[in-house]
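A.B. asks: sequence and computational prediction follow.
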Amino acid sequence: MTADTSSDLRRKSRQLIKLIRPLLGGIVGLFLVYRLYIVLIVEHPYGPDTWTRLLIAGLILGGVYSLVAIGYTLVYGILFMINFAHGEVMMIGAFSGYFVFEALNAIKIQDSNFLNTYAYFSVLIAFIVGMTVSALTGYFLEKIAYRPLRKAPRLVPLISAIGASIFLQNAVELLFSPQLRNYTNPTFLTRGAGWTININHSNVIIPYTGVFSFVLSAVLLIILYTIVRKTRLGRAMRAVALDKKTAALMGVDVDSTISKTFILSGALAGAAGVMWGIHNGLVYYYTGFIPGIKAFTAAVLGGIGNLPGAMLGGMFLGIVESMGPAALGIDFQLKDVLAFVILIVVLIFKPSGLLGESLAEEKV
Amino acid sequence: MKKAALRQSFNTGIIFGIAHIFCVLIAFNAMLGSLLVKIVGIKSSATTPLASALIAYAVLLGLWAGITAARRKREASGKERLQASLITGFSVGLMAALLVAVFQVLLSDKINPRDYLTNLSFPFMRACLFQLGAFLGIAANFLIFFLSSFLGGLFVFIWNLPAVTSAWHKAFSAPKVWIAKLRGETGKQRRITNIIFYALLFAVIAILPIEWGSYWNYVMGTVGLYVILGLGLNIIVGLSGQLVLGYIAFFAIGAYTMALLNAPEPHNWMWGFWPALILAVILAALSGLIIGLPLMRLRGDYLAIVTLGFGEIIRILLKSDVLTSFTGGPRGIQDIHGPTLFGKPFNDIDYMYLIILAVILAIYIYNRLQHSRTGRAWLAVREDETVARATGVDTQRYKLLALMIGAAFAGLAGAIYASRNAFTGPDEHSLMASINVLCLIIVGGMGNIPGTLLGAFALKGLPEILREVENYRMLVFGALLVAMMIIRPEGLIPSQRPTLELPEDSPNPNPPDLAVRSEAKPTGEDPHDR
């Protein structure tokens, strides 16, 4: 009798627990709709000019997030591990770009300097150096910290990645001091300058740096997408993601494919880092950490292991982070909270992300 | 000598050379060297202290390189070992010489790289040349690495001579026999020695807080609190196998409960210490339940990220202006009133005793849980969730229970921490604090008590004792985490798992005779390995 009632109770409590997810979801959804209604329709605090500004900022941020998120997704799709140190790879790219600009700025050519005389060339050099250094960092990261752990339980490489992340952060801090460093951009990419458009009798600036980084991230994303879809390397990557052993039997060099994946994702992170520096102006040893976590959020949001998902997730997260606090009428200090809440909500309600997981499937 | 072996030795040297250059650029060599000089107690008069420290460091690195190179191959002859160490020493010395040559150029051209590489001041660069001037300094750098590497090789060479090896084995086995004799053969003897040991330990623990000054009480109190945190996280990560990265959020909840209920500043509620302590533990456990409920279905690495996000949310919320009126905002909460003992407020010695009591309580609970039915269920969940569920373990319930108990431990530690420091603020609860706790249980050995104690001492106590290390602490942590995962993933003290063993000599084994023995945990294959 007592056993019956207790098992009955347990079954009921389990049913209750099953109800919690939809219930929570309903509460969150209702709250969102309510806040949006209050802010957008009742209070109506901002005009279209402000919304445009926020949208532009969001798109620029989204481009950077997409680039970093692709790195997470590529690595996760192949190794099933979160490359926790990916944000640091981006930070190292940003630092490389900074040093290139500083060096070129120091080279005097007549009454100007190299940086402004050959501005486009300088930017190209900065990106090449940044991407190369980041790619190398990714390569060695994999070789030193992850490769020996290929067969270990899943938590082991994750902890190793956390260790690598801490190490890289502190190495940069100790090498280059913890001070904030100001990017010296060439004049055509002066921060704050841009095209001005008039919306609602108010000037909205579309910054040159922002357009530059957005276009560049779009181009890089297209290049990467083509690599993964069309080239031999991309096919090898997809094969390894699907099944390492079979891929090896089919003649794919698994180790070198994984190395190349890290090189690719590192290069993208490096480009994102240089862009971050050019657009935001300040870099320091902690620069990569928060964007790294956000980019991971973006990757999860789009369905980890899914390339278009990562791009979409990055854009979505950038826009939400920039417009969300305004649209929900909450403090702008809480934009990071919003990103993390999105992460948690997505993981709870749709762990496979918006577009579904897996790098290996047909859609990639 | 074969070409491949030659190249291998040379490459070993290059790797050590790169490590050396990195150490110099972050001035790690100065720290390590001054530490070495301090330990050895050399009083040098010929050169400045910094230069002698750098020489000590260089000799150590050279020895290490030489030993590594010489030990690379197991079945190498003595001559090959010596050759390998020589070649490695040559390449390390070459790179070191190149580095100081660059320094010499910078020095003579008066180019100051300090704006970019923050450690390279002129005095430091001169010290790297051992204050010897251009040519002599470069040569000295090369020679020190070369010779000490050779010395390392020689050391390995002597070590592997058959006579030395056998003598060492004889010497090494003696203390083992001694310890075994001391512990006693029979159960009764063993019990008596155990009792004596624990009595001694207890006496030491009882006396120490009075003997220590307030500084040592502060340091060891922090270590004690981290032991509690480590045990709590060990229940979650070590026993039930869920990686939680935002663990410090529970600590923050405990600390803030204590602070809000006992500080005059934001609310002036003044509940007193003990009710606040109990409420802190309950609230932390409840928050563990609330966080855990929707997350139980997530995969391990997703859980890590979500809890990380949760920790950051708590920190950002505490720091933001939104909750300033409620939690004191970025400035934190000051002037938290502590408990009183017979009318007088707690001093540092009383707090130390309180912490010791809490640590003993935590160890007791942990120990009981570990060997209970619940503990076995956690182990089953950790090893393979699917199998655990198939054998009738209610996995979700046990995972939640682990999270709640772990969170309660953190709440306890947080409440005592806030009360002792009379302050808590959002920056005490950053992600790095979570990772510190994770580090200490990983370094010490996941899932066992001695490991947690060792980890807490090593990671919280040692940096306090060795103040020079402070700047490099996180760097060493990071490197240590990676190295531990590769070399010794089970930690310094590997977990012992109880196994049921039939005693061999008893002809009729009945249940009371079954001896529970311990056996090192085998490193199993990962069921999720795809």
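C.D. replies: On my side now, so go ahead.

A.B. asks: and the strand or helix carrying B:Val387, how far from the chain's centre?
C.D. replies: Using DSSP states H and E, B:Val387 maps to helix B:385-390. A distance of 32 Å separates the centroid of the chain from that of helix B:385-390, by Cα atoms, centre = their mean, to the nearest Å.

A.B. asks: name the nearest residue to the residue of the stretch 51-200 of chain A found nearest chain B, ignoring sequence neighbours.
C.D. replies: Residue nearest to chain B within the stretch 51-200 of chain A: A:Gly163 (2.6 Å; Cβ to the nearest Cβ). The way it works is simple: take the backbone N, C-alpha and C, and place the C-beta from them, glycine included. Nearest residue to A:Gly163, sequence neighbours excluded (Cβ to Cβ, 6 or more residues apart in numbering or on different chains): B:Leu481, at 2.6 Å.

A.B. asks: touching chain B at all, the helix or strand that contains A:Phe262?
C.D. replies: According to DSSP H and E, A:Phe262 maps onto helix A:254-280. No: residues of helix A:254-280 contacting chain B under Cβ under 8 Å from any Cβ of the partner chain: none, with a closest distance of 12.9 Å.

A.B. asks: now the strands for the stretch 1-150 of chain A?
C.D. replies: For the stretch 1-150 of chain A, the strands identified by DSSP state E, counting those that start in this stretch occupy A:108-109, A:112-113, in order along the chain.

A.B. asks: on that earlier part again, ok, then the element right after the helix holding B:Val387?
C.D. replies: Once helix B:385-390 ends, the next helix or strand along the chain (criterion: DSSP H and E) is helix B:395-421.

A.B. asks: which parts of that following helix are buried?
C.D. replies: Of the residues in helix B:395-421, those buried by neighbour count under the rule 16 or more other Cβ atoms under 10 Å in any protein chain shown are B:395-421.

A.B. asks: go back to these and keep what's next to chain A.
C.D. replies: If you filter the buried residues of helix B:395-421 for contact with chain A, counting by Cβ under 8 Å from any Cβ, you are left with B:Gln396.

A.B. asks: in a markdown table: the strands of the stretch 1-150 of chain A, plus distance to chain B.
C.D. replies: Converted to a markdown table, those look like this (distance: least, Cβ to the nearest Cβ, whole Å):
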| stretch | distance to chain B |
| --- | --- |
| strand A:108-109 | 16 |
| strand A:112-113 | 17 |
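
A.B. asks: okay, the ones you listed, which one's buried deepest?
C.D. replies: Each of the strands of the stretch 1-150 of chain A was given a mean neighbour count from mean count of other Cβ atoms under 10 Å in any protein chain shown, and the largest, a mean of 14, is that of strand A:112-113.

A.B. asks: and that one, what does it pack onto?
C.D. replies: Helices and strands in packing contact with strand A:112-113 are listed as helix A:86-106; criterion 3 or more Cβ pairs under 8 Å, 6 or more residues apart in numbering or on different chains; DSSP states H and E.

A.B. asks: so whatever residue of the stretch 101-250 of chain B ends up closest to chain A, which of the three states?
C.D. replies: For the stretch 101-250 of chain B, the residue positioned closest to chain A under Cβ to the nearest Cβ is B:Thr118, at a distance of 3.5 Å. What DSSP: H, G, I helix; E, B strand; the rest coil gives for B:Thr118 is coil.

A.B. asks: what about it, neighbour count?
C.D. replies: 18 (other Cβ atoms under 10 Å in any protein chain shown).

A.B. asks: the residue nearest to it when sequence neighbours are not counted and B:Ala479: what is the separation?
C.D. replies: On the basis of Cβ to Cβ, 6+ apart, the spatially nearest residue to B:Thr118 that is not a chain neighbour turns out to be A:Ser177, at 3.5 Å. Distance of A:Ser177 to B:Ala479, computed by Cβ to Cβ, to the nearest Å: 20 Å.

A.B. asks: B:Gly444 now?
C.D. replies: Distance of B:Gly444 to B:Ala479, computed by Cβ to Cβ: 17 Å.

A.B. asks: hang on, the earlier thing: make CSV out of the strands of the stretch 1-150 of chain A and add distance to A:Glu142 and mean pLDDT.
C.D. replies: Compiled in CSV, these are given as follows (distance: least, Cβ to Cβ, whole Å; pLDDT from 0 to 100):
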stretch, distance to A:Glu142, mean pLDDT
strand A:108-109, 40, 80
strand A:112-113, 38, 79
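
A.B. asks: between those, which gets nearest to B:Leu86?
C.D. replies: Distances from B:Leu86 to each of the strands of the stretch 1-150 of chain A were compared using Cβ to Cβ; the shortest belongs to strand A:108-109, at 47.1 Å.

A.B. asks: show residues contacting that closest one.
C.D. replies: The set of residues external to strand A:108-109 that reach it, using Cβ atoms under 8 Å, 6 or more residues apart in numbering or on different chains, is A:Phe114, A:Thr117.

A.B. asks: try it again at 10 Å.
C.D. replies: Residues from elsewhere that reach strand A:108-109, judged by Cβ atoms under 10 Å, 6 or more residues apart in numbering or on different chains: A:Phe114, A:Leu115, A:Asn116, A:Thr117, A:Tyr118.

A.B. asks: do you know how far A:Gly145 is from A:Val204?
C.D. replies: That one is not Gly; residue A:145 is Ala. According to Cβ to Cβ, A:Ala145 and A:Val204 sit 45 Å apart.

A.B. asks: so for the two, which sits in the more crowded spot?
C.D. replies: Summary of the neighbour comparison: A:Ala145 and A:Val204, criterion other Cβ under 10 Å, with A:Ala145 having more neighbours (27 against 19).

A.B. asks: let me see the mean pLDDT of stretch B:409-416.
C.D. replies: When pLDDT is averaged over stretch B:409-416, the result is 92.

A.B. asks: number of nearby residues for B:Ser173?
C.D. replies: 10.

A.B. asks: sec struct for it, please.
C.D. replies: Under three-state DSSP, B:Ser173 falls in the helix class.

A.B. asks: need the three-state assignment for the spatially most central residue of chain A.
C.D. replies: Centrality entry for chain A: nearest residue to the mean C-alpha point is A:Ala295, 2.7 Å, by Cα atoms, centre = their mean. Using three-state DSSP, the secondary structure recorded for A:Ala295 is helix.

A.B. asks: just the pLDDT for it.
C.D. replies: 88.

A.B. asks: contact partners for it?
C.D. replies: With contact set as Cβ under 10 Å, 6+ apart, A:Ala295 has these partners: A:64-73, A:86-87, A:90, A:269, A:272, A:288, A:310, A:313-314, A:317-318.

A.B. asks: how is chain B partitioned into domains?
C.D. replies: B:3-166, B:210-501 (automatic domain parsing).

A.B. asks: work out the gap between the longest one and the centre of the chain.
C.D. replies: Here the centre of mass of C-alpha atoms in domain B:210-501, compared against the chain's by Cα atoms, centre = their mean, lies 14 Å away.

A.B. asks: so where do the strands sit in chain B?
C.D. replies: Defined through DSSP state E, the strands belonging to chain B, from first to last, are B:333-334, B:340-341, B:344-345, B:423-424, B:496-501, B:515-520.

A.B. asks: what helices and strands are in contact with the first one?
C.D. replies: Okay, so that is strand B:333-334. Strand B:333-334 sits against helix B:248-262, strand B:423-424, with contacts defined as 3 or more Cβ pairs under 10 Å, 6 or more residues apart in numbering or on different chains; DSSP states H and E.

A.B. asks: from the contact counts, what lies against the first one?
C.D. replies: Packing partners of helix B:248-262 (3+ Cβ pairs under 10 Å, 6+ apart): helix B:214-233, helix B:273-295, helix B:300-319, helix B:324-327, strand B:333-334, helix B:395-421, strand B:423-424, helix B:431-444.

A.B. asks: CA atoms of that helix as PDB?
C.D. replies: This file holds the C-alpha atoms of helix B:248-262, laid out as PDB (Å, rounded to 0.1, in the frame of the first residue of the first chain):
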ATOM      1  CA  ILE B 248      31.000  30.300  -7.800                       C
ATOM      2  CA  ALA B 249      27.500  31.600  -8.400                       C
ATOM      3  CA  PHE B 250      26.300  29.400  -5.500                       C
ATOM      4  CA  PHE B 251      29.200  30.800  -3.400                       C
ATOM      5  CA  ALA B 252      28.000  34.300  -4.300                       C
ATOM      6  CA  ILE B 253      24.400  33.400  -3.300                       C
ATOM      7  CA  GLY B 254      25.700  32.300   0.100                       C
ATOM      8  CA  ALA B 255      27.900  35.300   0.500                       C
ATOM      9  CA  TYR B 256      25.200  37.800  -0.500                       C
ATOM     10  CA  THR B 257      22.600  36.100   1.800                       C
ATOM     11  CA  MET B 258      25.000  36.500   4.700                       C
ATOM     12  CA  ALA B 259      25.900  40.100   3.700                       C
ATOM     13  CA  LEU B 260      22.400  41.300   3.100                       C
ATOM     14  CA  LEU B 261      21.100  39.900   6.300                       C
ATOM     15  CA  ASN B 262      23.900  41.200   8.500                       C
END
